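**Q** Everything below, folded, please.
(chains A, B and C)
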Amino acid sequence: MTILTTPAGIATGAADALRKRPGADVAGSAFKWLLIGATVFATGFLAVLLAVMIVDGWDVLSGNLWYFLTHGFSQRSAGEAGVWQGIIGSLQVALVTGVFAVPTGVATAIYLVEYAQGNRFARIVELNIRNLAGVPSIVYGLLGLAVFAQTLRGFSGGTTAIAGGMTLAAMVLPIVVITSVEALKAVPDSLREAAYGVGATKWEVLSRQVLPAALSTILTGTVLALARALGEAAPLILVGAATGFMSFGDANMFETFTGPYTALPVLIFNFARQPGADWGVNAAAASVIILVLVLAVNGLAIYLRNRFERQW
Amino acid sequence: MTPEKALMTQEPDATAPEVMATAETVASQHPRIDVSGAAATPMAANRADTQTVFRCDDVHVYYGDFLALRNVSLSIAVHEVTAFIGPSGCGKTTFLRCFNRMNELIEGARVEGSINYHGVELYQDEVDPVEVRRRVGMVFQKPNPFPKSIYDNIAYGPRLAGAKRSELDDIVERSLTRAALWDEVRDRLKTSAYGLSGGQQQRLCIARAIAVQPDVVLMDEPCSALDPIATGRIEELIAELKTDYTIIIVTHNMQQAARISDMTAFFSVQANEMGQRTGELVEYAPTSLIFTNPEDPRTEAYITGRVG
Amino acid sequence: MSQDSSNLSAADLRTSAGRRAWSAGARWVFALAAVATVLVSALIIWTVASGAWTFISQVPFDSLTEIGWFPRRGLFDLSTLLVNSVQISVIAMLVAVPSGFGAAIYLSEYAHPRVRKVMKPALELLASVPSVVLGVFAISFITPSILTSFFHEINFFNKLAAGIAVGLLVIPLIASISEDALRAVPLALREASSGLGARKVTTSIRVVLPAAMSGLMAAVIVGFSRAIGETMVVTIASGGGDTSLFNLALTESGGTFTSAMAALGLGTDQVAGNNLAFQSLYFLGALLFVITLVLNMLGDLIVRRLRNKY
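**A** Numbering: from 1, shown residues only, chains lettered A, B, ... in the order given. Reported below is the predicted structural model:
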């Protein structure tokens, strides 16, 4: 090989070097396909999960769905048992959760963003919220059992949907606060200044400009938080949802907030721990129902967020 | 304006030792450090009967420990356009926001010294910034209409101030007319303000500001986000508005200051040994003087560098 | 029109009392809500601490190191639960970390923006799958359809299936935190690498991953904390929450901190008396609270430091 090359030689050499050689970057494509595989695994198992549950629960889903949805729990046989109480109970619990968590969470976010930016108390509250977000759900169950069901028995009536709802409210509180803080921070200061500039009080600025502007995002966060509560079972087990209804098969009693209650995920747990394949069918069928419910609520929230995402 | 009223405003001046008791000269109307007789020009004669809206003495503004603006003393006369000019970071916007206590919205901001508004010390506990802002309106750098209809943008302030529903239509029409926007939007009052062009939005913001019947309108570089044509219309508007309102405007654009203002204050910035940049008032004089015969070499350098 | 108010008094510059009162009152309402969130933490700490103290002060210490976890018989071997908790969480990490990291790298470095726009919400959707459903999935699919073909003798309830299911549950969390960490790496670093003629795979592995390392660490730590605290999957799939013998085999059932708590909770009406089994519930809660708190604070610290770095 000669060191000296004619200009033409350089040109042809360069053209060769620059040409894309098929199969040269084997490592690169392998890596890429590995990543795609991981992504497919990470997201694809939901499809597998749903398929398995539908197949396993097919007996109930295909023939008995209406009965299943409208009848209460029965210990006598799997074929007689339904999820009616669980659905009603979950709605009740979610309602109580919303009533407690949303005002508290949104108000806390307003305090953090609009009133107390960076002061010592605000920093304590922020740290506190971040830590609460990481507390395992079952620990909230202890709070619910000791405080909401026992200490506050006079208000909640013991291990009731109210106590369960308050427990989940404490659990989702950080989610509501964090999403609301994000929503409020996304409202541009120019909007606040415009309102202050024409002589609005702080409350007027908040209630008529900032909150309406942040509302759709706050709403999305709230829906996501409630969806989380809808699927949660562990804390409710400690607050009586698993045993509250065992001796009764009567759906009517679940229409009260201060009586024994259960929730759909707790019911699935109860189906799952009964021995026998027919109970497994119930567990799978109920799993499909809760999956559809939770995914629909979440999908709605995500859709709403993308739909109303505001560009300032 | 009646002579009595003109006389009444002399009272606070009379109590301030560093200011001469009469308003015979521009210099005494607008006290400043190192003001010499040079500012006393023919202009002063027809300014003798003006009232003082704001009188600032020795104003310092801090953000936390950081001194952003130092030692500003000047007076703003009624129904005039006063322009604040100067390089970036010279504190002119900071100073502007002192007049309606807007600086308080910034964490850690603190104003020292005295700003007197029609005989009332602005920075005292008995004064509510909310009412100050009602009387001293503001127009911002970027048009910032509320995400509401054109109508509701204008009606927002009057509603807060307790205007009756029956009065609102009238207020909206009057404000939009005054802001030279009525003819363009009269058929779409209920549509979103975001549908307007940038220049229209800014005029909407001016209409919104004057809808609460303020006394003063502060404008913080109101044309910086607009094209030349829209800028021209805003400037025309400012010239019309000054018959009813006292206007203080911050601008980067010196031709603009020269075109529209009666008085001009030039601010400059100095860095201390720690590198902190503090703004200060260099010169305050009738606009015609500032641009033709600046007294301070820094003013001259700035003006010639940018205009010449 | 503008007021020709030459001289005003301070009283003129006051808003109506009603408007001021509303505004001042609102501030206190919001502050009160913030206090309430702190109160929630305080109550949690007080609840688990006082319950745990009752347990500690009464339990004979050698019962904490006996053969297994049999609360109703007064045997509270913590190492049984600890080992099971850690085993299951480690399995979960083995499932979740490769797949979570892989998905994160793909979405951050390779995916077309349009793909990303679909996949990010999909991951969020996955994060909302109720854990009971994954528990059912473990006993109805993972063990019978997958694990039985690899292991001849495997308990219907086993730690391996529980760990895999917990892993599936934690994937979205890990993917999401790591994706944030990867995207926090400045574009300039990637461009510098490509500018030197590095291939995309080299840039990703040699430049982007090391730069995002602390964020990826945080993802693992926070994911581990979530796995340790996961209750329903383990309770359904691993069994052994009510009673369990010390056991290292992954193919056997075994109770964890959380499933032991759930099991005690299921019997609350029977054990609610002044009885050590019930108090052990709070003791486990306290342990779990402290472990997850330490892990989360560590993860949080790392994430914050990363945020300051760029």
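**Q** Could you give the average pLDDT over stretch A:124-141?
**A** The pLDDT scores in stretch A:124-141 average 93.
**Q** in the stretch 51-200 of chain A, what spans have low per-residue confidence?
**A** For the stretch 51-200 of chain A, applying pLDDT under 70 flags the ranges A:74-76.
**Q** Any regions of chain B where pLDDT drops low?
**A** Within chain B, the segments meeting pLDDT under 70 span B:1-50, B:306-308.
**Q** residues from it in reach of chain A?
**A** B:100, B:102, B:105, B:107, B:130-131, B:133-135, B:137-140, B:142, B:144-147, B:156-157, B:160-161, B:205, B:208-209, B:211-212 (Cβ under 8 Å from any Cβ of the partner chain). Every C-beta, even on glycine, is put in place using the N, C-alpha and C of the backbone.
**Q** cutoff 6 Å now
**A** Residues of chain B lying near chain A by Cβ under 6 Å from any Cβ of the partner chain: B:107, B:130, B:133, B:134, B:138, B:144, B:157, B:160, B:212.
**Q** Next one: the closest residue to chain A within the stretch 151-300 of chain C relative to chain B, how far apart?
**A** Nearest to chain A, among the residues of the stretch 151-300 of chain C, is residue C:229, at 2.7 Å (Cβ to the nearest Cβ). Distance of residue C:229 to chain B, given as Cβ to the nearest Cβ, to the nearest Å: 37 Å.
**Q** Is that residue in contact with residue A:136, as I believe?
**A** Yes - between residue C:229 and residue A:136 there is a contact under Cβ atoms under 6 Å: 2.7 Å.
**Q** Could you pull up phi and psi at the nearest residue to residue B:270 once chain neighbours are set aside?
**A** Ranked by Cβ to Cβ, 6 or more residues apart in numbering or on different chains and with sequence neighbours excluded, the top spatial neighbour of residue B:270 is residue B:278, at 5.8 Å. Dihedral angles of residue B:278 (phi, psi; degrees, to the nearest 10) stand at phi -120, psi 130.
**Q** count of neighbours near residue B:278?
**A** For residue B:278, the count of nearby residues is 21 (other Cβ atoms under 10 Å in any protein chain shown).
**Q** what's near enough to touch it?
**A** Residues counted as contacts of residue B:278 (Cβ atoms under 6 Å, 6 or more residues apart in numbering or on different chains) are B:67, B:70, B:270.
**Q** can you rerun that using 10 Å?
**A** B:60-62, B:66-71, B:89-91, B:268-272 (Cβ atoms under 10 Å, 6 or more residues apart in numbering or on different chains).
**Q** Filter those residues down to the ones in strands?
**A** Among the contacts of residue B:278, the members found in strands (DSSP state E) are B:60-62, B:66-71, B:268-271.
**Q** Scan the residues you listed and report the most crowded one.
**A** Counting neighbours by other Cβ under 10 Å, the top entry in these is residue B:69, with 26 neighbours.
**Q** quick one: the nearest residue to that one once chain neighbours are set aside and chain A, what's the gap?
**A** Of all residues not flanking residue B:69 in the chain, residue B:91 sits nearest, at 3.6 Å (Cβ to Cβ, 6+ apart). Distance, residue B:91 to chain A, by Cβ to the nearest Cβ: 18 Å.
**Q** Tell me, how many residues neighbour residue B:91?
**A** Residues contacting residue B:91 under the criterion other Cβ under 10 Å number 25.
**Q** continuing past the lowest-mean-pLDDT helix or strand in chain C, what's the next helix or strand?
**A** The least trusted helix or strand in chain C, going by mean pLDDT, DSSP states H and E, turns out to be helix C:268-271, with a mean of 50. Toward the C-terminal end, the helix or strand that comes next after helix C:268-271 (DSSP states H and E) is helix C:276-309.
**Q** quick one: common contacting residues for residue C:229 and residue A:136?
**A** Each of A:234, C:257, C:258, C:288, C:289, C:291, C:292 lies in contact with both residue C:229 and residue A:136 under the rule Cβ under 10 Å, 6+ apart.
**Q** what's the spacing between the fifth one and residue A:149?
**A** According to Cβ to Cβ, to the nearest Å, residue C:289 stands 19 Å off from residue A:149.
**Q** With adjacent residues omitted, what lies nearest to residue C:181?
**A** residue C:215 (2.3 Å).
**Q** Go ahead and confirm the one you found touches residue C:300.
**A** No - in this structure, residue C:215 is not within contact of residue C:300 by Cβ atoms under 10 Å, at 11.7 Å.
**Q** how long is stretch B:193-201 from one end to the other?
**A** With Cα to Cα, to the nearest Å as the measure, stretch B:193-201 spans 7 Å from end to end.
**Q** Tell me where the chain has strands.
**A** Going with chain A. Read by DSSP E, chain A holds no strands at all.
**Q** meant chain C actually
**A** In chain C, the strands defined using DSSP E lie at C:68-70, C:75-76, C:244-245.
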